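Asks: I would like the atomic coordinates for the input below:
(4 chains)
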2 protein chains.
Amino acid sequence: MLKPIQDRTRATRAKLIETAQGIIAAKGYGALRVEEVVQTAGVAKGTFFAHFAGKDGLMELVIAARLNTFLDEAERWPAPQTIDDLIAHIMPLIQFMTTERYVFDVILRHSGAAAREEIGPIAQTFTRQVDVVARWLADSPFRKDISGHLLAEGVQAFLVQAMALHFCAVSNSETMEDRLLTYLDAWLNPRVAS
Amino acid sequence: MLKPIQDRTRATRAKLIETAQGIIAAKGYGALRVEEVVQTAGVAKGTFFAHFAGKDGLMELVIAARLNTFLDEAERWPAPQTIDDLIAHIMPLIQFMTTERYVFDVILRHSGAAAREEIGPIAQTFTRQVDVVARWLADSPFRKDISGHLLAEGVQAFLVQAMALHFCAVSNSETMEDRLLTYLDAWLNPRVAS
DNA sequence: GAAATTAGTTGACCGCGGTCAATTTTAGAG
DNA sequence: CTCTAAAATTGACCGCGGTCAACTAATTTC
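Replies: Next comes the predicted model:
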């Protein structure tokens, strides 16, 4: 699987991914059916499962690819000097994660590594996100009493929290940005006499 | 559904829940099959879906009930004066949430309200958890520059983060308690010159 | 180039959650 | 007690993800 020796294999796999992305573009992630993918791609159902670790496996690849393009963008930003900037820089990523409930669920489900030994592609984007934010925070005017890595992990925790609340019926009074601002200000700029 | 007028209805519903809990006790949450529940309970499949909003609906009820017993316990504790105490008081809840991957997934999926208008039972336990922790923090020697409610929301965010990492293959070097301690110390006791 | 091995593909089949028109049971009206 | 409308139950059926023994195509061996 990791070393598709034959051209045939690579072609089949590429065709399946391409077909899937077409369906996703047309109907959204949640509407993707494996049956439709294989029918449209013109292969048997079993072939699909020979190439991917199930529907979730394909989703991981496709979603992780998308997340990585957003992280590529984010990486190009200079270190944000305000929390508003910080939020603005990761907002595209957050926006994508929250466009579809199904996508958010898949991401959450795979944010830890899927299998032992092998860390899944979505889990990798979480690691990468922490790295990107940690690098930012190294050159930012926020609290310095803890490591940038820990600070970045906290940012991630609050991002997830804010996104989860976004799908919650109760707290629709506040926008996601406002909630994030409150969280991150309290996390990155604690105003406490030490 | 909310007003089971007939005794028959209440009996059927109770029998289904009882049966389900028996199966869960014997095989775990993830092994529960609707088919097995209805067969064991001696009712038709359609009946199950007339009583619950699907398998997930039943799971919500059963899991939320369990979460609430842990919150009942937690509520009886006095306000913790150290972070270790705080962690100790909430650990039974965390322990339950992380015993089965499936349970954690269900909880996460329902931590926001399931449907508009109606807030689901698991989402309610999240609200309740924030309230319990907020009440604790009001009488605790932690930072006071932000509201107890916001502080408690942050605790919840870090709890979720720590639990998610618990299922992650990468970070098995650290125990969940250690990770929580690091997070909550940074959150509740920021040591920054203000 | 034929035989043997390995890689890739196929589609009938299964498990399981969920639906719904038909049927039975119950509650209330006359 | 009977008739009727509402409530509850039934089980055949469906959708869809996933499996696997059989089959075909490519690669290696001699």
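
Asks: ok, the residue nearest to A:M176 when sequence neighbours are not counted to A:I94 distance?
Replies: Closest residue to A:M176 apart from its sequence neighbours, by C-beta to C-beta, 6 or more residues apart in numbering or on different chains: A:H166 at 5.0 Å. For glycine as for every other residue, the C-beta is placed from the backbone atoms N, C-alpha and C. From A:H166 across to A:I94, the span is 9 Å (C-beta to C-beta, to the nearest Å).

Asks: cool, and A:A123?
Replies: A:A123 sits 18 Å away from A:I94, going by C-beta to C-beta.

Asks: and those two? Which one has more around it.
Replies: More crowded of A:A123 and A:I94, by other C-beta atoms under 10 Å in any protein chain shown: A:A123, with 22 against 19.

Asks: shaky segments in chain A?
Replies: Flagging of chain A using pLDDT under 70 yields the residue ranges A:1-5, A:113-117, A:169-172, A:194.

Asks: please redo it, this time with the cut-off set to 90
Replies: Applying pLDDT under 90 to chain A picks out residues A:1-9, A:111-119, A:166-174, A:192-194.

Asks: would you map out the domains in it?
Replies: A:1-52, A:54-188 (automatic domain parsing).

Asks: now tabulate these in JSON lines and tack on distance to B:G30.
Replies: Converted to JSON lines, the domains of chain A look like this (distance: least, C-beta to C-beta, whole Å):
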{"stretch": "domain A:1-52", "distance to B:G30": "21"}
{"stretch": "domain A:54-188", "distance to B:G30": "13"}
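
Asks: re earlier: now list whatever residues contact both of A:H166 and A:I94.
Replies: A:M176 (C-beta atoms under 8 Å, 6 or more residues apart in numbering or on different chains).

Asks: ok, back up a step: return the most buried member of the domains of chain A.
Replies: Using mean count of other C-beta atoms under 10 Å in any protein chain shown, the stretch among these with the largest mean neighbour count is domain A:54-188, at a mean of 18.

Asks: how about it, does it get close to DNA strand D?
Replies: Yes. Between domain A:54-188 and DNA strand D, judged by C-beta under 7 Å from any atom of the strand, the touching residues are A:54-56.

Asks: quick check, nearest of those to A:V103?
Replies: Of all the residues of domain A:54-188 next to DNA strand D, A:V103 sits closest to A:D56, with 12.1 Å by C-beta to C-beta.

Asks: strands along chain A, start to end?
Replies: Along chain A, no segments are classed as strands by DSSP state E.

Asks: re earlier: closest one of the residues of domain A:54-188 next to DNA strand D to chain B?
Replies: Of all the residues of domain A:54-188 next to DNA strand D, chain B sits closest to A:D56, with 11.7 Å by C-beta to the nearest C-beta.

Asks: ok, the closest one - contacts?
Replies: Neighbours of A:D56 in contact, by C-beta under 8 Å, 6+ apart: A:106, A:109-110.

Asks: quick check, stretch A:88-98 touching chain B?
Replies: No. Figure legend: stretch A:88-98 not in contact with chain B (C-beta under 8 Å from any C-beta of the partner chain); closest approach 11.0 Å.

Asks: residues near A:N189, how many?
Replies: Neighbours around A:N189, by other C-beta under 10 Å: 16.

Asks: quick one, what contacts it?
Replies: A:N189 neighbours (C-beta under 8 Å, 6+ apart): A:83, A:142-143.

Asks: same deal with A:P121?
Replies: Per C-beta under 8 Å, 6+ apart, neighbours of A:P121: A:60-61, A:64-65.

Asks: and it, how far from DNA strand C?
Replies: From A:P121 across to DNA strand C, the span is 20 Å (C-beta to the nearest atom of the strand, to the nearest Å).

Asks: same question, A:D56
Replies: Distance, A:D56 to DNA strand C, by C-beta to the nearest atom of the strand: 14 Å.

Asks: identify the residue nearest the most centrally placed residue in chain A in space, chain neighbours excluded?
Replies: By C-alpha atoms, centre = their mean, chain A has its centre lying nearest to A:L67, at 4.7 Å. Using C-beta to C-beta, 6+ apart and skipping the chain neighbours, the partner closest in space to A:L67 is A:T125 (4.3 Å).
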